[in-house]
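Student: no sequence on this one, just coordinates:
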């Protein structure tokens, strides 16, 4: 499942490249064709701005940042007449970096007409609601003035002149790309929740929180959140990119902390990382209430430090033995490589473009399934280790057979069922008689291997419902469930002896496994009942072990069947005999 998600992420990346190429076909960048002037007061009306700006206009020969703060940027474009009488549009990229945008065009009466957009204006009130500011231009073209406000981030305008057809194509590709990304992200989110319930690992819960914040950040950063989710809430459209970015960074660092088991390596560093995450939550309130240049620089610094901290924690814990920390570093690499594009745009170095808007989206489309795949492998290994630890209480560490307490419980239940239903169950004790000889000739390691082989061969001659248990160093017990006849019990003993004589690859050719076997059916003359009438399984095991000890006195005999008529032999067994 996880491997399929990774392959799907690669397909999303290829699809994103195709979408970018298709969207670029209809684009027409006219930014460099404009002229600009800065209104330092930020309050001039269009008539006053045109009169003051005309003699001071500068050519916009290249994309460049403008740190406006309280000022306003005026851009003048001479739009050529359309070859066909169709409506055209001016579109600004980078909705998250434009507070107010107004396009002024002359109407039929010569008066200036204003079209408004920007994240300080509810998207529902735009003349042309869109994921980024959009304005219509008359087919006849002519002089237009574009007024931009934004603070505290620098403004680096990227203006496109689009036909109605190319605009529709661009919209369709954008909706398809972001919609496919969101659907894929929700699928990964649901799979992450399923893994969180399956493995009961908090790392999966934090991972799901990180994915949810990533999806919300992309919705707000691309402008689709303001278009579809909160079209009437201008204040939310303004603060959402920074708010969800802080949540995403905080949850991402928290996820790194949990996935790298940082608390096991350094309590001081673990507390610092927790404080770093908490700072992101608290700083949201500060950003909303005191938005300004200083707060904006702290925001960008926090995002940059999160990348450095994530890389440092992953590599440091990897050097200290956390194997999956190295994989986490590689899993975060796509988003770390994509981060410089929006970061440089936020600093005003890069202009608004398709790359600055969708680089993180493409990087996260690769990152989130990779992280889930890494978490899945990590949780699977840890789960297997926990299963092994729990199995130590019920499993023999050397042979993997059932432990003695489990055998006693099953034997007690089998004896009760046998007494209630009136049938007999069979119990067999087998001893590896030549274990000491193997150890003296080949060493302790070979003797342990012989025990493992013995356990495997005993397990191969019984049914799946039967229980094979190692009750001491060289002795094994077999509980045959269900009604058992004397013929089946004797046949099992013969199979055990014959199976042990088969060739053992790990031992010399003249060494094989020689078993001594004692069998009994219960309840019969070899068992007794307690005062309450229950059958005593411990007494049964003691008498079988005593009978197996008696076989040592007769080297030529390897099988003993305790029948109901052999009570007189058992009465001579010491009451305190131990198995």
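Tutor: Alright, I've got the coordinates. Since the structure is predicted, the reported quantities are computational estimates derived from the model, not experimental observations.
Student: what helix or strand is the spatially most central residue of the chain on?
Tutor: Residue closest to the average C-alpha location in the chain (CA atoms, centre = their mean): residue 372, at 2.5 Å. Here residue 372 sits within helix 354-391, counting by DSSP states H and E.
Student: pLDDT at the residue nearest to the centre of the chain, what is it?
Tutor: pLDDT for residue 372: 93.
Student: returning to what we had before: which strands or helices does the helix holding residue 372 pack on?
Tutor: Counting contacts by 3 or more CB pairs under 8 Å, 6 or more residues apart in numbering; DSSP states H and E, helix 354-391 packs against helix 2-25, helix 164-199, helix 202-222, helix 234-259, helix 323-338, helix 340-346. C-beta here means a position set from N, CA and C on the backbone, and glycine is covered the same way.
Student: repeat the analysis, applying 7 Å as the threshold.
Tutor: helix 2-25, helix 164-199, helix 202-222, helix 323-338, helix 340-346 (3 or more CB pairs under 7 Å, 6 or more residues apart in numbering; DSSP states H and E).
Student: deepest in the core, which of the ones you listed is it.
Tutor: Of the helices and strands packed on helix 354-391, the one with the most neighbours on average (mean count of other CB atoms under 10 Å) is helix 202-222, at a mean of 23.
Student: can you name the next helix or strand after that helix?
Tutor: Heading C-terminal from helix 202-222, the first helix or strand you meet, by DSSP H and E, is helix 224.
Student: I would like the residues contacting that next one, please.
Tutor: For helix 224, contacts defined as CB atoms under 7 Å, 6 or more residues apart in numbering pick out 131, 178.
Student: circling back to that earlier point, between the helix holding residue 372 and helix 323-338, how big is the angle?
Tutor: 170 degrees (axes from the mean of the first three to the mean of the last three CA atoms, to 10 degrees).
Student: got the buried residues for helix 354-391?
Tutor: Neighbour counts over helix 354-391 (16 or more other CB atoms under 10 Å) mark 354, 356-376, 378-379 as buried.
Student: hang on, the earlier thing: mean pLDDT lowest for which of the helices and strands packed on helix 354-391?
Tutor: Averaging pLDDT over each of the helices and strands packed on helix 354-391 singles out helix 2-25 as the lowest, with a mean of 51.
Student: chain center to the helix or strand just after that one: distance?
Tutor: Per DSSP H and E, helix 2-25 leads on to strand 35-39 as the next helix or strand towards the C-terminus. Taking CA atoms, centre = their mean, to the nearest Å, one finds the center of strand 35-39 at 49 Å from the center of the full chain.
Student: neighbouring strands for strand 35-39, and are they parallel or not?
Tutor: Sheet pairing for strand 35-39, assigned by DSSP bridges, gives strand 58-59 (antiparallel), strand 72-79 (antiparallel).
Student: which of those sits most buried?
Tutor: strand 72-79 (a mean of 20).
Student: show me what the following helix or strand past that strand is packed up against.
Tutor: Using DSSP H and E, the next helix or strand after strand 72-79 towards the C-terminus is strand 88-92. Packing partners of strand 88-92 (3+ CB pairs under 7 Å, 6+ apart): strand 134-137, strand 159-163.
Student: one more time with 10 Å, if that's ok
Tutor: Where contact means 3 or more CB pairs under 10 Å, 6 or more residues apart in numbering; DSSP states H and E, strand 88-92 is packed against strand 72-79, strand 100-106, strand 112-117, strand 134-137, strand 142-149, strand 159-163, helix 164-199.
Student: pLDDT on the shortest one, on average?
Tutor: When the per-residue pLDDT values of strand 134-137 are averaged, the result is 94.
Student: if we can go back for a sec, now the helices and strands packed on strand 88-92 in CSV, with distance to residue 402?
Tutor: Converted to CSV, the helices and strands packed on strand 88-92 look like this (distance: least, CB to CB, whole Å):
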stretch, distance to residue 402
strand 72-79, 79
strand 100-106, 75
strand 112-117, 73
strand 134-137, 72
strand 142-149, 76
strand 159-163, 73
helix 164-199, 26
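Student: give the next helix or strand downstream of the helix holding residue 372.
Tutor: Taking DSSP H and E, what comes next after helix 354-391 is helix 404-421.
Student: which other helices and strands does that next one contact?
Tutor: If contacts are counted by 3+ CB pairs under 10 Å, 6+ apart, helix 404-421 sits against strand 425-432, strand 467-470, strand 475-480, strand 515-522, helix 537-551.
Student: out of the ones you listed, which is closest to residue 316?
Tutor: Closest to residue 316 of the helices and strands packed on helix 404-421 is strand 467-470 (CB to CB; 44.3 Å).
Student: run the chain-centre distance for the closest one.
Tutor: 40 Å.
Student: can you give the contact residues for that strand?
Tutor: 395-411, 414, 427-428, 430, 451, 454-456, 458-462, 475-481 (CB atoms under 10 Å, 6 or more residues apart in numbering).
Student: picking that back up, would a markdown table of the helices and strands packed on helix 354-391 with distance to residue 549 be doable?
Tutor: Converted to a markdown table, those look like this (distance: least, CB to CB, whole Å):
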| stretch | distance to residue 549 |
| --- | --- |
| helix 2-25 | 55 |
| helix 164-199 | 48 |
| helix 202-222 | 54 |
| helix 323-338 | 50 |
| helix 340-346 | 78 |
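Student: which among those helices is found nearest to residue 304?
Tutor: Nearest of the helices and strands packed on helix 354-391 to residue 304, taken as CB to CB: helix 340-346 at 6.9 Å.
Student: other SSEs contacting the closest one?
Tutor: So helix 340-346, by 3+ CB pairs under 10 Å, 6+ apart, packs with helix 234-259, helix 293-319, helix 354-391.
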